[in-house]
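1. how does the following fold in three dimensions:
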Amino acid sequence: MAGMDFSMDISPEMRVWISPSLIEANYILSLSRMELQGVIQQELEVNPALEMDEKHVCSSCGGILEGNFCHNCMMSQDEKPKEDSWEDFPEQMYTLSAPRSREDSDEFDPMTLVANGMSVQEQILSDVATLSHNGDQFLAEYVINSLDEHGLVSQSVDEIAAETNRTVDEIERVIKNIQAVAPVGAGARDLQECLLIQLDYLGDVGVDVPGHVKPIIQNYLKEFGAHKFGYIAKELGITHDDVEDARDFIREHLNPFPMQNDQARTWKTPQESPFVAPDVIVSIKDGELHVDVVETRDYHLKMNSMYDQIARQLGRSRTKGDFNDGEREPVRDHVNRAKLFISNIQQRRDTLYRISRCIVDLQEDFLRGGVRELRPLTRAIVAQQVGVHESTVSRATANKYVMLPTRKVIAFSDFFTPSLSVKDIIREMIENETDPLTDRKICDLLAKQGIRIARRTVAKYRAELNVLPSTMR
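-> Next up, the predicted model:
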């Protein structure tokens, strides 16, 4: 048996090592504005060496003032600000208030433009107002509030008439209006009416409804619920398989709880309105596009003066002095952590500004002319222009939003989605169509405009626009 030989060799090796500070910097960069607020607040609570600096900022550019003078704008804040032009604030053209001054406009909070999500009941009430006559809106609100969790009217017409001092005919008219704008089947008086409303809707949109489904719902709903299929088949003169086919159709296409299905949860609202705040604001001033990183005006962090002084003393002193090891190390840890955190915040601002400035320059036509001017752009192109890695651009733009000069808030990802311009053209074609355009016809019309995409791509974009096929429009 051969003996075992143990030896130790030293050889150089090169490998990538990611420092903790780089990991922390990338994490800070990936945060949205609202997430950053939470992280800063948490850091202020746990690190006594870090504090918020209450500095006055310029009302025009957001820069830090020295006294009342801004070196960026080269003007004193005591000077009377000039009034904003209608071009800077186009929404003022549609208000009755007087034009705001520069001082007022810079106090504008972008969060005031974020829409609140509406409940299904609120959306129904808003839509039924377009069909209501004088005095019907109050009655419609009463009926909508009386809907149960399934979407059915919980009170009888006579009870509603007694409560509201309105006639039965008026209540019937309002209920019909509610049924016209609500999720299909909602606003019905009972389960039978709910299913019949859905059945009529399916017939209107072109769904092939078996002929014996409606008679079963109209005349034998209780027996159908009790699974008396043989009795129903005998009464209607159809086979047992026909009744089972009706059962399968009803299970697949009808819903006894119209306010609890997926369609109701997204009724007239494709998705729940997210509460977002712009991380970057793009504005037009004097004909030029300006980029403003929002938190630059909000967060001015600095070292706590006492901790900074102690850290300097410890750095200059070679002896322990008045501090023991248990006191020196926490001070150094807090100070180093605060310096790193401030540096990462500043690096985030600079990186986000440079990337935003590059995107604004490359997509200037889109910002000035609308979605039709959106040009193909990739994160790799932006990374090359800015001089950073593509992953840095991805982190800096992920889950972040931009407010355009029109005050519309969009995701950064929209700048890298050239299909938005094609979708806008498709939407316009469908809105202006006289006869329903098929996907193939839309594809041919786009080709005449120099846009060559496949028919299945048109179908995908149409579905993303929540537009029904031509056979159902």
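
2. centre of the chain to the helix or strand containing residue 123, how far?
-> Element membership of residue 123, judged by DSSP states H and E, is helix 120-128. Here helix 120-128 is found 21 Å from its chain centre; the criterion is Cα atoms, centre = their mean, to the nearest Å.

3. what packs against that helix?
-> helix 136-145, helix 168-181 (3 or more Cβ pairs under 8 Å, 6 or more residues apart in numbering; DSSP states H and E). (C-beta placed from N, C-alpha, C; glycine too.)

4. nearest to residue 361, out of those?
-> Between residue 361 and these, the shortest separation by Cβ to Cβ is 45.6 Å, and it involves helix 168-181.

5. can you tell me what sits against that closest one?
-> 124, 127-128, 130-132, 136, 139-140, 143-144, 153, 157-158, 160-161, 164, 186-189, 197 (Cβ atoms under 8 Å, 6 or more residues apart in numbering).

6. run the last query once more with 7 Å
-> If you take Cβ atoms under 7 Å, 6 or more residues apart in numbering as the criterion, helix 168-181 is touched by 124, 127-128, 131-132, 136, 139-140, 143-144, 153, 157, 160-161, 187-188, 197.

7. quick check, residue 132 in contact with residue 138.
-> No: counting by Cβ atoms under 7 Å, residue 132 stays clear of residue 138, with 9.1 Å between them.

8. who's more crowded, those two?
-> More neighbours surround residue 132 than the other of residue 132 and residue 138, with 18 against 12 (other Cβ atoms under 10 Å).

9. output the below-cut-off pLDDT ranges for this protein.
-> The chain contains residues with pLDDT under 70 at 1-6, 15-18, 54-118, 133-135, 260-276, 295-299, 315-327, 418-420, 473.

10. what's the single longest helix in it?
-> When the chain is scanned for its longest helix (criterion: DSSP state H), the result is helix 325-362.

11. what comes up buried for the helix or strand following that helix?
-> Downstream of helix 325-362, the next assigned helix or strand under DSSP H and E is helix 364-369. Within helix 364-369, the residues that qualify as buried are 366, 367, counting by 16 or more other Cβ atoms under 10 Å.

12. wait, a helix at residue 406?
-> No: per DSSP: H, G, I helix; E, B strand; the rest coil, residue 406 lies outside any helix segment and is coil.

13. show the backbone phi and psi for it.
-> phi -80, psi 0 (degrees, to the nearest 10).

14. let the chain start at 3 from now.
-> Let's use 3 as the start, then, which means that last one is residue 408.

15. can you pull out the strands in the protein?
-> Listed in chain order, the strands of the chain (DSSP state E) span 52-54, 71-72, 77-78, 282-287, 290-295, 303-305, 403-405, 411-413.

16. give me the helices and strands touching the longest helix of the chain, please.
-> Applying 3 or more Cβ pairs under 7 Å, 6 or more residues apart in numbering; DSSP states H and E, we find helix 327-364 packed against helix 22-32, strand 282-287, strand 290-295, strand 303-305, helix 307-318, helix 381-388, helix 392-399.

17. need the ones you listed in TSV with mean neighbour count and distance to residue 222, can you?
-> TSV is the format used below for the helices and strands packed on helix 327-364 (neighbours: other Cβ atoms under 10 Å; distance: least, Cβ to Cβ, whole Å):
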stretch	mean neighbour count	distance to residue 222
helix 22-32	15	60
strand 282-287	19	63
strand 290-295	16	67
strand 303-305	16	73
helix 307-318	14	82
helix 381-388	17	61
helix 392-399	20	59
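
18. these: which one's closest to residue 424?
-> Evaluated with Cβ to Cβ, the helices and strands packed on helix 327-364 place helix 381-388 nearest to residue 424, the distance being 19.6 Å.

19. counting contacts, what elements does that closest one pack onto?
-> Here helix 381-388 touches helix 327-364, helix 392-399, going by 3+ Cβ pairs under 7 Å, 6+ apart.
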